[in-house]
Every structure is written in structure tokens, then in C-alpha cells.
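Student: sequence? don't have it. structure:
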RNA sequence: GGGCGCGUAGUCUAGUGGUUAUGACGUCACCCUGACACGGUGAAGGUCGCCAGUUCGAAUCUGGCCGCGCCCA
């Protein structure tokens, strides 16, 4: 019944409740609609159907028609193709004037785009389109990231499902398998980006493993190597025993987990009774122990220093040593030292060079191996070994007791395996020298972070930065550009893969088997994607880039490192502004993640509600820079808003004369209609704030301003007021002025909305008179082409407020919808009286009253009326004969006002306030108190006149 | 354990010393009004986390406490 309205004869499958799952809200609405009285609805439908059938020649000014309902599917692809056809987003190679450039943070070819990508894309496209429309040469570079480990893990998992272990493939086979996966996902990602309508310059599409990226990566590595900023060394690294590779500190997630803390007795080596009690959560590492350490000031162990204990089960003799790093309050205050398998232990061991050389007890999969491990435990993996060790210790009487213990465990971001600290030979980047210029850049304001509050976090991390482990023991990634010479044992490190040793000329070279961390390529993205290390025209024209938009989760992985790379390799900051988006949550407040499977596929949402709605929903109403929920109600809100805009243009179209020129700057005079002056002033204000918000990286504020302006000022207020003039009942010049004002404001609103909702605005703009082929590339219109007009704003405020008061009275008094009782207003001052006298007809029409009579200050309140007292004056409405008695609203108002009045009076009697507050504030309060007292008095008068006793 | 950030109607949120605390969603009532029910009109809903302090005046500044989140160890 709801859909059977006779306006659109085509069946619309989306309207059929059986075809989709209605949200709880729309379900409620359907039920309500059904409930609402079938007969009434039916009558209305019939009336509408008749209307729709009647030709529109009464207005007949234009033959352009828009579908009665906004249907994104019907328009989005069409405009995407139109933009592509006209190369609208290809950045000019050489152009005069300002530049705006950005790189798209290249999505991982691991999978498909998530809503997080759409969030960032929506912000970036808003910026790109806004700058482009303002005439700046605008470049937005698309690309995808090979995403080293992340992609490798994905493919590894996929192959495992098919029964293939990627570790058993040859290097070439593994790379080929990953690359096939990459190609599939690259296609899908590009398709998603196109469906979003993002204004990327596809002619400059890049991939982090294309030839240019290979060259950039090798060039950078070689430069750092020769500058001594890349080195190879045996260090304690985070070892992922599942993927069997080292990972960087950032790729380790620390999580709180329960463990068993075992108190183990290490007996004295000389056979004396007793021994040292050691607390450990990792008893299985005891086979690698080289010492027991205590704090040097720990009196309990003063005697023990220099003595030896026996490592239980291993039957090895190790010394008791003193080191200040030991926490005497933890456990028994004694720490077993296993230097190959714990970073703190290693540091302690390095301070005690006379200790035995530590033995390695784990293999690359963290299974117990090596000569120090008793046969009983050989080949066991860590967790089995732990349990068996505990059993053995207990059996042999070395286990004193155990405790439950909650502590932080490092897990590999990619495999979730518990990280095994492991001493191994790896490549590192020396970070401190690279970080310094980046810190200085942010400190000096050369690079600005938005929102600003993330700067302290940034500094903290940068200032404590550790060297970066960049080698990975997997096949997928950029090979480390180092070859070892078997003849002379030296390394050859060159940009082009060498054919012979740079030192001895031998051809017996072995390339380093490892690959580079994926961020070793992406940290150069802002300039590598523009052609570096070649001195390309794009690099000259568009580097440094203007803005970088990304999620806060990769501030250290990526943003900080881009700054370092930018300063190091180009001598400049890679971007001037960084905008961090928040993390999306589902409607239950859980962070959206692929892992939880609670992020919907953007393509599904686009095909359901349209790319424009999805994009607008990303920016409004929840602030982009905060973590916040996203769900159907947000999406519905955006869709509803765009439908509103659609209908606003449908309303406008019949008022556009055929052949009318595109709207130009408005020409109004002081004799122009108030509503026209007002809406232009409101537009000016909104447009200024919109521009300021975008310039200040506040996309949500820009969207909010626009939403409020379009919906409330333009559609709800202006259009309703202007209907009178548009009907031609107030004379020709006014009709012309109103039509051109309406057209102007609607068209300009579409322009401002275009960066947020490009497709629908493009469609609507084409339905209106327009210059040029595309809104996307049309010239910008500055806010100040509309006059500021504070007078009109104040005057209109009085009109709107009067209407609101009278409507309020109608509702309070339950005036039946069909009747129009007479009304009276006693304006508070002559200016308001003037305005209301002029706009009397408007007020009467919109408040739905039969007449509006202005009262003088001395006139008594009309009998038989209900009244409201407001700052602008008093309003009275004739009460229905059978209306209920006293006006509760008036009493409530009185109570509120007397409360306020008491507060102001209290301040005025406070001597401190009078003597210390600025005189302007004092007089403001005095005036407010006078005004409040006057309003209370009028309420009392009115209550008296209406026969109710004034409230105490 | 350390650091940073955040606590404002049922939910999300604006608001950096004087506002009758902003808006959206949700709620309630009325309404198919010649663009729009994916709509209109009106209303209700807040001791601005708690406690002290600074100030003539605090949602706003300071300190402490409580709660939540993130990062680091």
C-alpha cells in the first residue's frame, strides 16, 4: 500500500519489504503506516495519483524532469564514465598557479577495500575535488601495495586450505602463487575505487613492486648502506616461529595473558643444602641459562655472589652474578639469564663478558634443539616443552611452587604466534639520525598533524625510536640488494644487480636470500610514486605533496617513516599536512576489522544505498577524526539527505524559465524580499564556514554546516516562505527575483556539496542551467559573491520565531489541523513591529492562522486566547471553544524565567561582581534581568486575563 | 608499570572563562500540506563523571579521585 502510490508505474523492487531486510526503524515505520488508518492513506494516494496524471503545464517552464525518486544506481556509473571520458582527473603536467597533490595510501593487495578505506577516500576526495574546483592543479595518485608479509600470510593460509604448504614450494613457485593472488585483488580494489567515484588520476597508477618502485627501493637502500645508516648485525629480534621470519617491533602486539609462574630451585654446585630460587614463566628456556643474576644491593644474596649453582635437568654449572637490571621485588629476586632468548638477559650478559658463550636452544620454528637440551626434550615445541619441563622439575624436586601470573605477551601481528626473542643476523636501519629531521619538521610546523592532539604521541615515539629490523625471511618482497662474494667474502651493494664482486671482481656472487620489510618501499611512496629517483616532471610539479590522509593506526609504521624518508632522500617534508581519521566501529561499538568480520563490503553498501550516501555517511554526523560507530542509521541519514537535495532540485526545476542562463551573482536591493536577502546571507555564512572548515581539515564540520544549511535554512524555511512569491501572487518583479535567488542558492549548494556527493550533484547540476561540461571541473564560486546581510538575518529571525510560537500554540491548544484561528502579536519593539507588519502574510500562511493583528504596548490581551511570551514579544492565538483550561506551557515558561531572573539578580547584588566584572558584562546582566522581569510580568498579566491565578 | 587522550540528554556530538549548553539519531504528539513520509510541524529529554581549588563568574582553567580508550614496557 505504501508503494502503490500511482506516481511511478514501474514496480520498484527495493520497496518490497519481502525483498530486503528492513532495518528495525523502517520496519517500525512500515507497521505504523499500515496502522495509521488504511482509509485515510488510500484517499491520499488516490489524490496524489490524480495529481501526477495531470500535466504540469500550469508551470511548464522546463522540459527537464528528474525521476521522482533519487536512485543512485541509475546515475553513478554514468557519471563515473563521463568523468573518465573527459579525463577530468588527469593532473596537468604543467600549469600555472597553485598545486594540490596527494597520494592514496596504497591499499594492501592482501584483500579488498574495507570501510576504513572508504572513510579515508571520502576525506581525500572531498579535499581533491574542492581544490580542483578552486582551480588548483590537482593530482591524486592511486596505487596498491604488495604488502609483503600481510599478503604472504594470506596466500599461505589459502594454499594451506588446498593442502599445500607454501614453505615446501620453491622460491619461484611461491612468488608466482603470491603474484597470482595479488593480480586478482588488485583488480577488485581498482573496481572498488572506481565504484566509489574517487577522483584519482588513473593515468598515474602505481604498484609498490613495479619497475619504478624496484629502482626506488634499491636506490634508497644503497644510499643508506653507503651512508652507514643500514647495517647488518647479530641482534635480538622478534622472531615469528610460525612464519619463520624476523619482524619489526611495530609488528608485535603486546597482549595480557595468563601464565604460570614457576619457582624453581637451582641447587648449589658445591653440594651445600639449599640453592637459589628463581621465578620464571619460561622454564623450558633453562637449558640455555648461563647465570643467575641478583640485584647488587640485595642483602639476601650478598653471600651468594660468586658462588655457582647447577641448572636443574641440564646439570650445568652457572655462576650467580650481580646486575642492577634485576628487579629484587619480582618473584624471589633472582633472575635466570638466558641470553639468546630474552632481550633483557642478553643485555645483562653483555655486561658480564666472562660468562660462558650462550647456546641456542630453539630452532627457527621454536622447537627445542641443540646440545644443551636433554634428549627427553629434544624436538618439542615451546608449549609442550614448558609443560614437560615443569613435570620433570616437579618429579625431581626442583619445583618449589607455582603461581598464576598475568603478564604481557608479544604476539606476531600477522600469524598471531607468540614472538620468540631470538638472536640472529639481520639487516637494520639506524633510526635516530633519520628521526631527527622529522621531529624538527613537526616541531617547526613545516608538517602539521590534524587533529593536533596526536603530536605528543608522535614525539614520544620518535624520541625513543629503536633501530628498524628490515630483513624478512620470506620469498615475497623486494630482495635485499646485497650480494655476498664467495671469493673474497665481501658484500657488493649496488642499485643495478651486480654481475661481479665490486671488491675482487669475482663472479661467484650469492644474492642475499632475504627480502625487505614492505615499509622500506612504502615509506618513499610520496616521491617514489611520482618517479623518484628519476627527476621527473611530476616530481618537480607535485612534490612535496600537500596532504596525507590516513588512519591513526599506521602513524608509526608509515607516516613517521615517510617523513624520515622524505627528508633523507629529497631533503624536504613529503607533505605539509597529515590528517588522521578515526577507527570505525560497528553499531555495537566494536572496532571494525577483517578479523572480526564485522566490516561490510563497500560494494554491497554502494549497490544498496549508493556511493554518494556511503561517502556522506562517512563524514556526517560522526566526526571523521574520532573513533565512532557506523551503521545503517548513519547510512540512512545520508541517503535521506541526498533524497532531500534531489527533491529540492525537483522543486526548483519548474521555476527555471526555459533557456534561463546559469545563475550569476545575485543582484538584490534593499527593496528586495526579506526571504531572498535572508537566504543569500545564510548561504554566504554557510559557504564561508564550509570553506574554512575544509581548509582547516575539518571535513565533518564542513558537512555539518552544509547539511544544516541545505535542509533547514534552504528547504525547510526559505522554500516554504518563497512558495508565495513563486506562485506569482505578489507581482512580477518579485517572482523574477525569487526565481533567480532560488536557482542561485540551489546551484551553489550543489557546488559545495559536490566534493562530498559527486554523482548526485553532477546529475542535478546538469538538470539546471549550467556552464561547461562537468560540475567536477567547473569553476569555483567564492562565498563572497553573496552579500552578507546581518539586518536581514535578524529580521527573518523575528519572522521565523513568531511562526514557531504560533505553531507551538496551535499544538498546545490542540487546534484541529483544518482550522485557522485568528492570531495577535504584541512586538517587543518598533523594529520587530516593522518587520512583522511587512511580513504579516508570510507569518499567517506558515503559522496557519486566519489573520495576524499587531497590538500596541497598551492594548490588552485579546479575550479567549492562549498566549506565549518570548523575547520578541507576545503571541496570542484564539483558543478552540472546547479547549482544556489553563496554559501549562505558560506556567512552565514562567517558572523557568523566574529561575533565570533569580540567578541574574543574585549576581547583581553580589558586590564582587559589580566591582570586578567588566562593565559591559554588568550592563548586559542588568538588561537581561530587566527583560526577564518584564516577561514574567506579561505572563502574569496574561494568566490574569485568561482567568487563571498567577503562579506563586 | 609508564605515557597520552577522552568522560556533555537513551546514543553520537558541538562548544577553550559570562550562551536560557549546539546539532544529528532515537523518543512522544499532530499532520499525506501542489518537491520530498527516505517527509513536515511541534514537544519532551542534560545536577556537562565525582570532589576540591582558582575566579566576581567554570562544561571550559588547576589538582586529586573514579571510569573508558589507545600507545609503550
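Tutor: Great, that's in hand. Being a predicted model, the structure only gives us computed values, none of them experimental.
Student: Going along the chain, name the helices of the stretch 1-150 of chain A.
Tutor: A:24-35, A:38-53, A:72-85, A:115-133, A:148-161 (DSSP state H, counting those that start in this stretch).
Student: Say whether RNA strand B is contacted by the top helix by length along chain A.
Tutor: As assigned by DSSP state H, the longest helix anywhere in chain A is helix A:919-945. Yes - for helix A:919-945 and RNA strand B, the contact criterion (C-beta under 7 Å from any atom of the strand) is met by A:921, A:924, A:928. In this view, the C-beta of every residue, glycine as well, is placed from N, C-alpha and C.
Student: Now restrict the residues you listed to buried residues only.
Tutor: residue A:928 (16 or more other C-beta atoms under 10 Å).
Student: Name the nearest of the residues of helix A:919-945 next to RNA strand B relative to RNA strand B.
Tutor: Closest approach to RNA strand B among the residues of helix A:919-945 next to RNA strand B (C-beta to the nearest atom of the strand): residue A:921, at 4.5 Å.
Student: Return the distance of that closest one relative to residue A:901.
Tutor: Distance of residue A:921 to residue A:901, given as C-beta to C-beta, to the nearest Å: 17 Å.
Student: any low-confidence regions in chain A?
Tutor: A:1-65, A:594-596, A:729-731, A:882-887, A:946-952 (pLDDT under 70).
Student: Show me the domain layout of it.
Tutor: Following automatic domain parsing, one gets these domains for chain A: A:256-410, A:792-884, A:891-945.
Student: So for residue A:473, which of these sits nearest?
Tutor: domain A:256-410 (7.9 Å; C-beta to C-beta).
Student: Check whether the host helix or strand of residue A:907 comes into contact with RNA strand B.
Tutor: Element membership of residue A:907 [criterion: DSSP states H and E] is helix A:888-909. Yes - against RNA strand B, helix A:888-909 shows contacts by C-beta under 7 Å from any atom of the strand at A:892, A:896, A:900, A:907.
Student: Of the residues you listed - the most surrounded one?
Tutor: When neighbours are counted by other C-beta atoms under 10 Å, residue A:907 leads the residues of helix A:888-909 next to RNA strand B with 18 neighbours.
Student: Thought residue A:925 was touching that residue, still the case?
Tutor: Yes - if you go by C-beta atoms under 8 Å, residue A:907 and residue A:925 touch, sitting 5.8 Å apart.
Student: Would you agree residue A:244 is in contact with residue A:363?
Tutor: No - with contact defined as C-beta under 8 Å, residue A:244 does not reach residue A:363; the gap is 9.3 Å.
Student: Just want the most central residue of chain A.
Tutor: Centroid-nearest residue in chain A: residue A:581, 3.1 Å away (criterion: C-alpha atoms, centre = their mean).
Student: need the contact list for that residue.
Tutor: Residue A:581 sits next to A:116, A:119, A:120, A:123, A:549, A:550, A:551, A:552, A:624, A:625 when contact means C-beta atoms under 8 Å, 6 or more residues apart in numbering.
Student: Kindly report the residues of the stretch 101-250 of chain A close to RNA strand B.
Tutor: Neighbours of RNA strand B within the stretch 101-250 of chain A, by C-beta under 7 Å from any atom of the strand: A:249, A:250.
Student: 10 Å - rerun?
Tutor: A:238, A:249, A:250 (C-beta under 10 Å from any atom of the strand).
Student: For the first one, name its beta-bridge partners.
Tutor: Going back to what we said before, that points to residue A:238. residue A:247, residue A:421 (DSSP bridges).
Student: Surely it and residue A:245 touch.
Tutor: No - at 9.7 Å, residue A:238 and residue A:245 do not qualify as touching, with contact defined as C-beta under 8 Å.
Student: Out of those two, name the residue with the larger neighbour count.
Tutor: residue A:245 (27 against 22).
Student: Next, the residue of the stretch 301-450 of chain A found nearest RNA strand B: secondary structure please.
Tutor: Proximity of the stretch 301-450 of chain A to RNA strand B (C-beta to the nearest atom of the strand) peaks at residue A:408, 3.5 Å away. Counting by DSSP: H, G, I helix; E, B strand; the rest coil, the backbone at residue A:408 sits in strand.
Student: hmm, stretch A:552-570 in reach of RNA strand B?
Tutor: Yes - Stretch A:552-570 lies within reach of RNA strand B by C-beta under 10 Å from any atom of the strand, at A:552, A:553, A:555, A:556, A:557.
Student: Pretty sure the second one sits against residue A:584.
Tutor: No - in this structure residue A:553 lies outside contact range of residue A:584 using C-beta under 8 Å: 11.4 Å.
Student: is the closest residue to RNA strand B within the stretch 151-300 of chain A in a bridge, and if so with what?
Tutor: For the stretch 151-300 of chain A, the residue closest to RNA strand B is residue A:254, as judged by C-beta to the nearest atom of the strand, at 4.6 Å. For residue A:254, the beta-bridge partners are residue A:410 (DSSP bridges).
Student: residues near the residue of the stretch 301-450 of chain A closest to RNA strand B, how many?
Tutor: Residue A:408 has 9 neighbouring residues, counting by other C-beta under 10 Å.
Student: Pull the contacting residues for it.
Tutor: Applying C-beta under 8 Å, 6+ apart, we find residue A:408 in contact with A:254, A:255, A:256, A:257.
Student: want to try CSV for those, with neighbour count as columns?
Tutor: Shown next, in CSV, are those (neighbours: other C-beta atoms under 10 Å):
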residue, neighbour count
A:254, 11
A:255, 12
A:256, 8
A:257, 13
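Student: Go through those and name the one nearest residue A:724.
Tutor: Using C-beta to C-beta, the contacts of residue A:408 come closest to residue A:724 at residue A:255, 66.3 Å.
Student: Quick check: the closest one vs residue A:330, distance?
Tutor: Distance from residue A:255 to residue A:330, by C-beta to C-beta: 20 Å.
Student: Going by secondary structure, residue A:266 is in what exactly?
Tutor: Using DSSP H and E, residue A:266 falls in strand A:252-267.
Student: following that strand, which helix or strand shows up next?
Tutor: Toward the C-terminal end, the helix or strand that comes next after strand A:252-267 (DSSP H and E) is strand A:275-280.
Student: Helix or strand: which one has residue A:546?
Tutor: strand A:545-551.
Student: shouldn't residue A:853 be in contact with residue A:827?
Tutor: No - checked against C-beta under 8 Å, the pair residue A:853 and residue A:827 is beyond contact range at 11.6 Å.
Student: Not counting stretch A:379-398 itself, show me its contacts.
Tutor: Contacts of stretch A:379-398 (C-beta under 8 Å, 6+ apart): A:241, A:260, A:262, A:264-267, A:282-284, A:286, A:312-313, A:362, A:365-369, A:376-377, A:399, A:402, A:418, A:420.
Student: Show me the strands in the stretch 751-900 of chain A, by range?
Tutor: If DSSP state E, counting those that start in this stretch is used as the criterion, the strands of the stretch 751-900 of chain A fall at A:823-827, A:852-854, A:865-870, A:873-878.
Student: Would you mark the buried spots in stretch A:293-304?
Tutor: A:293, A:294, A:295, A:298, A:301, A:304.
Student: Mind checking which of the contacts of stretch A:379-398 land in strands?
Tutor: Judged by DSSP state E, the subset of the contacts of stretch A:379-398 located in strands is A:260, A:262, A:264, A:265, A:266, A:267, A:399, A:402, A:420.
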